[in-house]
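> Provided below are the primary sequence and the corresponding predicted coordinates.
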Amino acid sequence: MLDLKLIRHDPGAVRTALRRRGEAEAARLDEVLELDERRREILPRLEALRAIQNEANAQIAEAKRAGAEADEAIGRMREVAGQAKALGEELATVEAELNAALALVPNLPDATAADEDTVLREVGTIPTREYEARDHLALAGERIDMERGARVAGSRFAYLRGDLVFLELALVQWTLDLLRGHGFEPVIPPVLVREEALYGTGFLPDTEQQIYHLPEDDLYLAGTSEVALASLHAGEILDADMVPLRYAGFSPCFRREAGAAGRDTRGIFRVHQFDKVEMFSFVAPEAALEEHERLLSIEEEILSALQIPYRVVNIGIGDLGAPAAKKYDCEAWLPGQGRYRELTSTSNTTDYQARRLQIRLRGADGKPVTAYTLNGTAVAVGRTIVALLENGQREDGSVELPECLAAFGAPAVLPAA
RNA sequence: GGAAGGGUGGCAGAGCGGUUGAAUGCACCGGCCUUGAAAGCCGGAGUCCGUGCAAGCGGAUCGCGGGUUCGAAUCCCGCCCCUUCCGCCA
């Protein structure tokens, strides 16, 4: 959610920034501005009535205490109360519309966000081989069991079996260990969340078609632990010296993938359920840009340590989600597909989520300011396994795995399927 | 799932339906005192909205929402959360 005061005081600048997302988004401002004006027309009138009520109430109280009659003041209260109630209802309607309109306005793109997807750099060596590269399913064999997964839960569900389970666990543990070294507190968050948490992070109203809902309990299956991590400090005013606060959340993630029919149907590249280690930072406003680069550098450190060739993309404004002001994706080279595919993603959501979640910092002057939040994928386990298998493959179909994982229980070599 | 109790300021904890934004204690900030500190004394201090250059002024806020009433922290209803007991359970 944008700062209403900013919209009010500098609508031109906000509109200009929003235009980079398109005219339709910029046009949303008009409704917000109009509703805000109506609100500020009604509010002083209502407050004046309330002031009269409060004054009359004091007189009544005083008269009662003195044992005197207060009919005149009570009459005045009675009269004003009716007017105040009607005005109050009018205000409530306008405020509800205002909040709904404001909730639909996406975040302002950062000045350094790209207009179109822009590859910043390619890192690592794309392996050359005389044989045809296999894809991860061919390499995994029954250790990735899609057929039985589909039989039990439907398409896009998989069984991970045997060695791959130890690979997953090693990957997770190695990542959490590395992140702790970078100052991230490991967290296993709730995966089922309330609507407020999704609204607060900007997934609602925006991506509802991607989210599983449990109507019996009115809970939602989170598509990322970002939801629960952002909500960790909802409603709190944090001391400025507590930030940066960094969390590494490990959780399963659930996505309906509605609208992705037919895409990436082979293997576990795009499934309804996967595990992920997610980084999440709460920072002071002025520290956000640097923190974003920091999250990106950690993502790159991880990909490099795992010897996965990748490229970094500054995501174009058209592909930014509503909460993001800027986003980098790291795309891994997948020999089985012969192209780069998204593996991790990090977003600077500035104060967009924190304002909705009412997360503030108490600055040196004692005044609360809205915090800034950022998120980034440390390891999306399923896709990382895909990348490890396809990049580590040898001609005989066995797979060499990165050394760093061995200490955490991963096999050094995955036998051919 | 059943039964009971409870949600008040950073924390603890009062609060006959009417000068209660809210006693008191602790914690916090400033001042006095002190060589320095502690103790003591004096004072200050929540958050949000509107208005104003500002000081300020006005409004809201006692889990959330609604109701009763001229008037609700206080009474009624719904929801959320916490605690205890029973049941169930990895």
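Alright, I've got the coordinates. The structure displayed is predicted, hence computed values, not measured ones.
> from here on, contacts and neighbour counts on C-alpha atoms
Fine.
> which residues of chain A fall in helices?
A:4-9, A:11-19, A:23-65, A:71-104, A:136-140, A:146-153, A:163-181, A:195-200, A:226-231, A:288-305, A:352-357, A:381-392, A:403-406 (DSSP state H).
> Reformat these into a markdown table and put mean neighbour count and mean pLDDT next to each item.
Below are the helices of chain A laid out as a markdown table (neighbours: other CA atoms under 10 Å; pLDDT from 0 to 100):
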| stretch | mean neighbour count | mean pLDDT |
| --- | --- | --- |
| helix A:4-9 | 13 | 93 |
| helix A:11-19 | 16 | 94 |
| helix A:23-65 | 15 | 90 |
| helix A:71-104 | 15 | 87 |
| helix A:136-140 | 23 | 95 |
| helix A:146-153 | 14 | 94 |
| helix A:163-181 | 19 | 97 |
| helix A:195-200 | 20 | 90 |
| helix A:226-231 | 25 | 94 |
| helix A:288-305 | 18 | 97 |
| helix A:352-357 | 25 | 93 |
| helix A:381-392 | 24 | 96 |
| helix A:403-406 | 18 | 95 |
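> For A:F269, which of these is the nearest?
helix A:381-392 (5.5 Å; CA to CA).
> and for that closest one, what are the contacting residues?
Contacts to helix A:381-392, defined as CA atoms under 8 Å, 6 or more residues apart in numbering, come from residues A:127, A:133-136, A:139-140, A:167-168, A:171-172, A:268-269, A:274-277, A:306, A:308, A:332-336, A:343, A:399-401.
> again with stretch A:66-83
Where contact means CA under 8 Å, 6+ apart, the residues beyond stretch A:66-83 that reach it are A:49, A:52-53, A:56-57, A:59-60, A:63-64.
> contacts with RNA strand B among those, please.
Restricting those to those touching RNA strand B (CA under 7 Å from any atom of the strand) yields A:52-53, A:57, A:60, A:64.
> possible to save those residues as TSV with distance to A:I298?
As requested, those are exported to TSV (distance: CA to CA, whole Å):
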residue	distance to A:I298
A:I52	59
A:Q53	59
A:N57	61
A:I60	66
A:K64	69
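> For A:R341, which residues are in contact?
Per CA under 8 Å, 6+ apart, neighbours of A:R341: A:331-334.
> returning to that earlier point: from the contacts of stretch A:66-83, which two are the most distant?
Among the contacts of stretch A:66-83, the pair separated by the greatest distance (CA to CA) is A:L49 and A:K64, at 22.4 Å.
> Write out the residues of chain A neighbouring RNA strand B.
A:5, A:40, A:43-44, A:47-48, A:50-55, A:57-58, A:60-62, A:64, A:74-75, A:77-78, A:81, A:366-369.
> Can you get me a residue count around A:G397?
Neighbourhood size, A:G397 [other CA atoms under 10 Å]: 19.
> Now it. Nearest residue, chain neighbours left out?
For A:G397, ignoring the flanking residues on the chain, the nearest one in space by CA to CA, 6 or more residues apart in numbering is A:A416 at 4.6 Å.
> Check A:N375 too.
A:F280 is the one closest to A:N375 (CA to CA, 6+ apart), at 4.4 Å.
> Provide the partner residues of the one you found in its beta bridges.
A:Y247, A:N375 (DSSP bridges).
> most centrally placed residue in chain A?
A:E226 (5.0 Å; CA atoms, centre = their mean).
> if we can go back for a sec, how close does the residue nearest to A:N375 get to A:V413?
33 Å (CA to CA, to the nearest Å).
> between these two, who's got more neighbours?
Regarding A:F280 and A:V413, a neighbour count based on other CA under 10 Å identifies A:F280 as having more, with 27 against 16.
> Show the contacting residues for that one.
Contacts of A:F280 (CA under 8 Å, 6+ apart): A:226, A:229-230, A:246-249, A:373-376.
> try A:V105
So A:V105 contacts A:1-2, A:25, A:28-29, A:322 (CA under 8 Å, 6+ apart).
> got any ranges where the stretch 301-417 of chain A has weak pLDDT?
Low-confidence segments of the stretch 301-417 of chain A (pLDDT under 70): A:364.
> ok, which stretches of it are strands?
Assigned by DSSP state E, counting those that start in this stretch, the stretch 301-417 of chain A shows strands spanning A:310-314, A:326-334, A:339-348, A:360-362, A:368-370, A:372-380, A:399-400, A:413-414.
> for the fourth one, packing partners?
Using 3 or more CA pairs under 8 Å, 6 or more residues apart in numbering; DSSP states H and E, the elements in contact with strand A:360-362 are strand A:237-239, strand A:368-370.
> Let me know the average pLDDT across the first one.
So that's strand A:237-239. Averaging the model's pLDDT scores along strand A:237-239 yields 85.
> contacting residues around that strand?
A:359-363, A:368.
> Ok, stretch A:253-264 next?
Counting by CA under 8 Å, 6+ apart, A:191, A:209-212, A:221-225, A:270-276 sit against stretch A:253-264.
> please redo it, this time with the cut-off set to 6 Å
With CA atoms under 6 Å, 6 or more residues apart in numbering as the test, stretch A:253-264 has contacts from A:210-211, A:223-224, A:270, A:272-275.
> again, but for stretch A:47-55
So stretch A:47-55 is in contact with A:M77, going by CA under 6 Å, 6+ apart.
> Repeat the analysis, applying 10 Å as the threshold.
A:44-45, A:56-61, A:73-74, A:76-81, A:83-85, A:87-88 (CA atoms under 10 Å, 6 or more residues apart in numbering).
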